[in-house]
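A.B. asks: quick one: sequence and predicted model below, then my questions.
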Amino acid sequence: MRVSISFFKKTPCQKGRRAAARKKFFSLEAYIERILLSVLLLLCFLASAQGSESKKEFLSLTLEKALQIAMERNKDILRAKEYRNQVEGRYVEERAAALPQLAIQGGMSRDHDESQRAVYAAFPISGFAKTIPVEREARSAGVGVNQLVYSFGQVEAAIRAAKIGIKTADDHLLIQQQSALKEVSSAFYAVLLSKELNALALQNLDQKKRHLDEAQKKYQAGTATDYDILAANVEVENANPDVIRTENMIRITRENLRFLIGLGDQEVDAQGALLTPILPYPDFQESLVQAWKSRPELTDLKHRIGISEELLNLAKAGNMPVVNFKAGYGWQSQDYMPGQADGPAWTIGMFVTFPFFDGLRTQGKIIQAKSNLSTLKIEETKLLDGIILQTRESVSKVKEAGEIVKGLSGTVDQAQRLLSMAEKGYEFGVKTKLDVDDAQTNLVRAQGNLAKARHDYLVSLVQLEWVKGTIQPPVPSLPLPKSPKDK
């Protein structure tokens, strides 16, 4: 008797499960491969984007170039120019009231009125009422003119107010230009200050790293302890936040400068240094006289007062008679079924409108106009007082920053010599680590204070020129760079 043992033999069912498992395994493997490939492509894309971002070019600008670009692309200046166009349109609108108004008219109508026959129903002649036409068709065409003859000064006052409004638009444009010059100049100097503070922070960090290297060398020579190395390492770590903070300050000030000059997505950088001679300090009285003479805000307010006076005259004439001349010429056709007639038609006449009582509306407008005029005069007085305060503050800040620059210029040189002597003494063992730290701290503080003082001096000069109303845009000399939106 033969006994066959099929322990290792695969049945068809087992083969099917084996194939399905293999298929599932390879499909899972392909799915994982696709995921890994997607992740790899994403990482490559991010790396490329980061590389392109790091390679993004900066447009290096001088102060004159930045101001020139701002005069062309600052959003507030562009808005002020559009406002002037709006005011010019208002002037044209008001002037139109004094010019003849011409119009072409035409029309066609058809009427049906049975009441016409009822009127003649009692007429003694039999059947006469039926002869009365009840339908009428009319056609007309012509041209008409309407000319204002006299309005007791209403139209003249409106035209004068609109004409003064154009001057206020010019004042508004000058105000925005001077404000942009002040803000762009301050932003430009802020970029220079942040770059100089960053350079000082990097210099301080390098100094701390040199101290750490020196401590490690002394430790290896047996003349220093673990405490010296640990203290030097802590100083290096404490110097890093200033570097990070000033680098972020550079990015923020650059973005602010880019926003003010209106270059869109173009990255910008300031080119120059916070160096300027200390000029003779300005005189308060001379600066104040110049401010009262040149500030566009004062001129704008005076023009607005003039507009308010004209609006008051306009309100006073609100209930006065208005005389108009009207005339027209054309052609008319009348069809009375069955009769028909047509021919030329004209009309001419003078018309007077006298609103002798309007429910006290005119009186209410007069009260409002007088109140508006009084408010503007109060604002003028307030502005004059504010200019006095601004001038006094600006002159004081110029003197303050100038004195600080003078006082710190020699202090930095002394602090540098003191640090050099302390480092040499520490190297030869005659000075302590505390002496070096004190000298380094004094140097960094003196350099930072000097940079801030120079920045404050330059900004105070710009502020004073703005207060005096004498800040002027630079003369265009070079073609402006194109923004990405223009390309």
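C.D. replies: Here it is on my side, so go on.

A.B. asks: am I right that R304 is in contact with L376?
C.D. replies: Yes. Assessed by CB atoms under 8 Å, R304 is found in contact with L376 at 5.6 Å. Glycine gets a C-beta too; all of them are placed from N, C-alpha and C.

A.B. asks: what about these two, which has more around it?
C.D. replies: R304 (20 against 17; other CB atoms under 10 Å).

A.B. asks: what kind of secondary structure is V352 in?
C.D. replies: strand (DSSP: H, G, I helix; E, B strand; the rest coil).

A.B. asks: just give me the neighbour total for it.
C.D. replies: V352: 10 neighbours (other CB under 10 Å).

A.B. asks: give the contact list for it.
C.D. replies: 321-324 (CB atoms under 8 Å, 6 or more residues apart in numbering).

A.B. asks: just the buried ones from those residues?
C.D. replies: Neighbour counting with 16 or more other CB atoms under 10 Å marks 322, 324 as buried within these.

A.B. asks: export the contacts of V352 to JSON lines and append columns for secondary structure and distance to D435.
C.D. replies: Formatted as JSON lines, the contacts of V352 follow (DSSP: H, G, I helix; E, B strand; the rest coil; distance: CB to CB, whole Å):
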{"residue": "P321", "secondary structure": "coil", "distance to D435": "96"}
{"residue": "V322", "secondary structure": "strand", "distance to D435": "93"}
{"residue": "V323", "secondary structure": "strand", "distance to D435": "97"}
{"residue": "N324", "secondary structure": "strand", "distance to D435": "97"}
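
A.B. asks: now for the contacts of V352, which pair is the farthest apart?
C.D. replies: Using CB to CB, the contacts of V352 span at most 10.4 Å, a distance reached by P321 and N324.

A.B. asks: ranges for the strands of this protein?
C.D. replies: Assigned by DSSP state E, the strands in the chain fall at 59-61, 101-112, 135-150, 268-270, 322-335, 340-353.

A.B. asks: tell me which of these is the most buried.
C.D. replies: Of all the strands of the chain, strand 268-270 has the most neighbours on average by mean count of other CB atoms under 10 Å, namely a mean of 22.

A.B. asks: list the contacts of that one.
C.D. replies: With CB under 8 Å, 6+ apart, strand 268-270 has contacts from 58-61, 63, 66, 188-189, 191-192, 195, 254, 257-258, 261.

A.B. asks: now do stretch 176-186
C.D. replies: Contacts of stretch 176-186 (CB under 8 Å, 6+ apart): 63, 66-67, 70-71, 74, 76-77, 79-80, 257, 260-261, 296, 458-459, 462-463, 465-466, 469, 471-473.

A.B. asks: may I have it as PDB, with CA atoms only?
C.D. replies: The C-alpha trace of stretch 176-186 is given here as PDB (Å, rounded to 0.1, in the frame of the first residue of the first chain):
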ATOM      1  CA  GLN A 176       2.200 115.200   1.000                       C
ATOM      2  CA  GLN A 177       5.500 115.700  -0.800                       C
ATOM      3  CA  GLN A 178       7.200 117.300   2.200                       C
ATOM      4  CA  SER A 179       5.800 114.600   4.500                       C
ATOM      5  CA  ALA A 180       7.100 111.900   2.200                       C
ATOM      6  CA  LEU A 181      10.500 113.600   2.100                       C
ATOM      7  CA  LYS A 182      10.700 113.600   5.900                       C
ATOM      8  CA  GLU A 183       9.500 110.000   6.300                       C
ATOM      9  CA  VAL A 184      11.800 108.600   3.600                       C
ATOM     10  CA  SER A 185      14.800 110.500   4.900                       C
ATOM     11  CA  SER A 186      14.100 109.200   8.500                       C
END
